[in-house]
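Engineer: model this:
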Amino acid sequence: MQELDDNALLRDYVEHGSGEAFATLVERHINKVYSVALRRTGNPHSAEEITQAVFVILTQKARGLGRQVILSGWLYQTAKWTALTFLRGEIRRARREQEAHMQTALNDVESDDIWQQVAPALEDAMSALNETDRHAIVLRYFDGKSMRDVAMALGANENAAKMRVGRALEKLQKFFHRRGVTSTTETLAGAIAAHSVQPAPVALAKTITAIALAKGAAASFPVMALAKTTLLTMTLKTKTIVAASIIGALILGASVTGLYVHAKLARFTFASKNPPLTFENSVFKQDGDKDGFFTVDFDTNTLRTSTSAPAIHIKGPIDSAPGGAQFPDPNNHHRFWNSDNSSSTICVVGPGSPLLGKHICLTGWLKTRDAQNWASAFLLIATKEARTKGWSRVDSMSDRPIVGTTDWQQVKFVTDVPDEPCVVYFGPDLYGPGELWGDDFQISLADPDDPITDNRVWRQAITTSQDYPMTTDLANGHDGSPSLCFTYSGPANAAGKKWTWYGHSIRYPESEQYAGHTVRMSGWIKTENVSNHVQPQIRPLSGLMQRDSKRLANDSMVHDKSIRGTMNWTPFSVTCDIPKDTGHIETSFIFWGGGKVWIDTNSLALDIVK
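Structural biologist: You can find the predicted model right below:
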């Protein structure tokens with residue numbers, strides 16, 4: 001069987017340096033590797049370079065491959081990574097030119113309409129499968145293996161292999177259905193089997209064998225550079241399953257330039273050059289698919305300028321979510337506001353990066369159509385302590401959302417990069433029904449006087465602001481300063497269920513100065529006809545994601561409802577013991593019920609009292 005023969009041939013090459021064994025492996029798999037590269041680049045010459053690099057990589061990695069490796073699947077995945085690394089260097093070519101090459105290549109293949117629709121996104125669809133499912137599809141439809149051979153390669157019985165292949169096909173079908181491609185699993189399987197592997201140029205196999213057996217000595221400089229970069233990418237890839245788990249592995253000791261890493265949830269670029277840094281739209285990728293209500297892709301029909309790449313595009317809800325799930329009802333406040341999807345990339349700020357400790361500005365362009373809740377971009381920064389300390393910087397534009405239909409507008413984030421290695425995670429984000437397009441994200445150094453926009457700044461929660469407009473009140477100031485006024489303006493009979501939040505966060509590493517101490521927040525407040533109460537808060541928290549966040553201690557006013565009714569300007573004070581393992585601290589006010597509240601923001605202070 002070929003898979004057993006593959007492993008035997010690989011061992012013969014590793015242990016005895018057999019050129020004949022390696023040449024046989026090249027002959028068996030070259031068409032598949034070349035076809036993946038051609039679909040990715042749309043350029044036959046580039047596909048040849050990528051194919052050469054893949055087999056050079058095989059010579060470097062062969063000794064470390066386990067005896068049970070499914071070489072066909074390994075080569076398929078390596079071809080994808082190598083093509084992506086290649087595209088990182090070639091990305092300045094216009095995307096439209098690439099797609100024109102792609103269409104020409106596809107038109108040269110005798111194919112049906114389904115294949116024309118499937119081919120450009122086939123590798124993205126395959127990336128969405130788990131490793132075993134991907135192996136099953138490659139063996140069955142790329143290599144044309146019998147179900148019995150697939151079962152043997154996967155270490156399963158034939159019935160289990162049939163079920164595995166069937167489920168994998170269903171996942172691919174759903175992937176393409178949500179992108180407007182209508183087909184049965186049988187039609188999709190037929191298209192992949194017929195067209196996924198095309199013949200490589202006749203002389204390429206001999207060239208590759210000669211180069212590989214010479215350990216790359218006969219290869220051109222671009223091929224060897226591509227092979228080396230991809231090898232480093234593959235080394236890092238084993239450590240990059242999700243963003244939260246790779247932070248420490250990527251940023252400690254990272255010193256390469258322009259590395260492009262394709263991981264499941266995001267792509268990574270190292271910030272080793274002086275800003276400004278420009279991020280092509282193609283490096284943004286969907287952040288999972290939480291509930292199946294959104295599509296995230298690139299819109300070839302929407303270009304911000306005549307020279308722009310196709311815009312990043314987020315749309316929801318789609319007509320058919322998996323399992324017939326229904327988009328949350330607007331009355332289900334929590335689910336509705338947490339139904340979103342985003343497209344992101346990650347910039348790694350490693351040791352020696354010019355961005356370390358800098359005041360930076362992230363800009364991008366957004367356009368919306370019928371955004372019923374809100375559309376935005378987001379920026380998050382995390383250090384290697386993120387799992388316990390949480391994000392070091394957070395800006396979701398919650399204080400400046402975009403709603404409805406808008407033309408292209410530039411959005412801006414200003415923040416401070418920590419002095420220690422970290423990652424900057426950002427991209428466009430759509431909450432609720434509508435469409436959002438994004439384009440041209442850049443990081444530059446901010447003017448020293450530019451105020452920060454992240455949630456270290458005091459702000460009102462957007463989800464509660466509709467019924468509590470926030471204004472600056474000059475007439476009701478305190479101690480010569482204007483005050484901030486919150487007025488309940490919703491239905492009188494609903495006031496008992498309403499509330500608004502106003503606060504800010506103290507993030508790691510700044511929060512470390514308070515850990516292990518007792519802190520006091522103090523200031524001045526005024527109320528008028530508050531039907532419930534106002535609660536100043538200090539909340540020491542830990543955890544990276546909101547679902548993992550834990551409040552580590554209660555403050556002295558956790559059960560205090562004394563700030564209510566009508567009160568003239570009155571001082572308040574709330575204290576809290578901050579545990580040593582605190583990641584970040586929220587200081588805030590919650591205004592429950594109807595009435596009016598004034599806060600002298602100039603008087604607010606947070607002090608260590610012991």
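
Engineer: Just the mean pLDDT for the helix or strand hosting residue 536, thanks.
Structural biologist: Using DSSP states H and E, residue 536 sits in strand 533-542. Mean per-residue pLDDT for strand 533-542: 93.

Engineer: Can you list the strands that that strand pairs with?
Structural biologist: strand 550-551 (antiparallel), strand 584-592 (antiparallel) (DSSP bridges).

Engineer: Pick out the shakiest of these, pLDDT-wise.
Structural biologist: For those, mean pLDDT drops lowest on strand 550-551, to a mean of 82.

Engineer: if we can go back for a sec, return the most buried member of the strands paired with strand 533-542.
Structural biologist: Among the strands paired with strand 533-542, the stretch with the highest mean neighbour count (mean count of other CB atoms under 10 Å) is strand 584-592, at a mean of 21. Where C-beta positions appear, they are placed from N, C-alpha and C, glycine not excepted.

Engineer: For it, what is the distance to the chain centroid?
Structural biologist: Strand 584-592 sits 29 Å away from the centroid of its parent chain (CA atoms, centre = their mean, to the nearest Å).

Engineer: and the next element down the chain from that strand?
Structural biologist: Past strand 584-592, further along toward the C-terminus, the next helix or strand under DSSP H and E is strand 596-608.

Engineer: now that next one, how far from the centre of its chain.
Structural biologist: Distance, stretch centre to chain centre, for strand 596-608: 37 Å (CA atoms, centre = their mean).

Engineer: between it and strand 533-542, how many degrees?
Structural biologist: Angular relation of strand 596-608 and strand 533-542 on a 0 to 180 degree scale: 40 degrees, by axes from the mean of the first three to the mean of the last three CA atoms, to 10 degrees.

Engineer: Give me the three-state assignment for residue 129.
Structural biologist: Following DSSP: H, G, I helix; E, B strand; the rest coil, residue 129 is assigned to coil.

Engineer: Same question for the one 5 residues further on.
Structural biologist: Assigned with three-state DSSP, residue 134 falls in the helix class.

Engineer: strand partners of the helix or strand harbouring residue 423, parallel vs antiparallel please.
Structural biologist: Secondary structure from DSSP H and E places residue 423 in strand 422-431. As defined by DSSP bridges, the strand partners of strand 422-431 come to strand 340-349 (antiparallel), strand 359-383 (antiparallel).

Engineer: Could you identify the helix or strand that succeeds that strand?
Structural biologist: Counting by DSSP H and E, what follows strand 422-431 is strand 434-445.

Engineer: Now that next one: buried residues?
Structural biologist: The neighbour-count check on strand 434-445 (16 or more other CB atoms under 10 Å) flags 434, 435, 436, 437, 438, 439, 440, 441, 443 as buried.

Engineer: For the fourth one, give the beta-bridge partners.
Structural biologist: By that I understand residue 437. Beta-bridge pairing for residue 437 (DSSP bridges): residue 313, residue 367.

Engineer: Cross-check the contact I'm expecting between it and residue 313.
Structural biologist: Yes - under the criterion of CB atoms under 8 Å, residue 437 makes contact with residue 313 at 5.5 Å.

Engineer: Overlap of the contact sets of these two?
Structural biologist: 299, 302 (CB atoms under 8 Å, 6 or more residues apart in numbering).

Engineer: mind checking pLDDT for residue 460?
Structural biologist: The predicted local confidence for residue 460 is 88.

Engineer: That one bridge partners, please.
Structural biologist: With DSSP bridges as the criterion, residue 460 is bridged to residue 502.

Engineer: so how many other residues sit close to it?
Structural biologist: Around residue 460 there are 20 other residues, counting by other CB atoms under 10 Å.

Engineer: Starting from residue 490, give me the distance back to it.
Structural biologist: With distances taken as CB to CB, to the nearest Å, residue 460 is found 15 Å from residue 490.

Engineer: Count the neighbours of residue 414 for me.
Structural biologist: For residue 414, the neighbour count with other CB under 10 Å is 19.

Engineer: Specify the beta-bridge partners of it.
Structural biologist: residue 361.

Engineer: Run through the residues that contact it.
Structural biologist: Each residue near residue 414 by CB under 8 Å, 6+ apart is listed here: 359, 360, 361, 362, 446, 450, 451, 452, 453, 454.

Engineer: which secondary element of this protein has the worst mean pLDDT?
Structural biologist: Lowest on mean pLDDT, DSSP states H and E among the helices and strands of the chain sits strand 260-262, with a mean of 32.

Engineer: Looking at the protein, which helix is longest?
Structural biologist: Taking DSSP state H as the criterion, the chain has its longest helix at helix 19-41.

Engineer: Residue 528 is in contact with residue 563, correct?
Structural biologist: No - assessed by CB under 8 Å, residue 563 is found out of contact with residue 528, at 12.0 Å.

Engineer: More neighbours: the two, which one.
Structural biologist: A side-by-side neighbour count of residue 563 and residue 528, using other CB under 10 Å, places residue 563 first with 20 against 15.

Engineer: any idea how far the residue nearest to that one when sequence neighbours are not counted lies from residue 405?
Structural biologist: Once flanking residues are discounted, residue 563 sits nearest to residue 534: 4.3 Å by CB to CB, 6 or more residues apart in numbering. Distance, residue 534 to residue 405, using CB to CB: 37 Å.

Engineer: Which of these two has more residues huddled nearby?
Structural biologist: Using other CB under 10 Å, the more surrounded residue of residue 534 and residue 405 is residue 534, with 24 against 12.

Engineer: wouldn't residue 456 be in contact with residue 505 here?
Structural biologist: Yes - if you go by CB under 8 Å, residue 456 and residue 505 touch, sitting 6.0 Å apart.

Engineer: Compare neighbour counts for those two and give me the winner.
Structural biologist: Set residue 456 next to residue 505 and count neighbours by other CB under 10 Å: residue 505 wins out with 23 against 19.

Engineer: show me the residues around that one that make contact.
Structural biologist: Neighbouring residues of residue 505 by CB under 8 Å, 6+ apart: 394, 455, 456, 584, 585, 586.

Engineer: Would you mind listing the two of those residues that lie farthest apart?
Structural biologist: Using CB to CB, those span at most 13.0 Å, a distance reached by 394 and 585.

Engineer: Which residue lies closest in space to residue 123, excluding its sequence neighbours?
Structural biologist: Per CB to CB, 6+ apart, closest to residue 123 is residue 80, 5.4 Å.

Engineer: who touches the one you found in this structure?
Structural biologist: For residue 80, the contacting residues are 36, 40, 123, 126, 127, 262, by CB under 8 Å, 6+ apart.

Engineer: Likewise for residue 564?
Structural biologist: Residue 564 touches 527, 530, 531, 532, 533, 534, counting by CB under 8 Å, 6+ apart.
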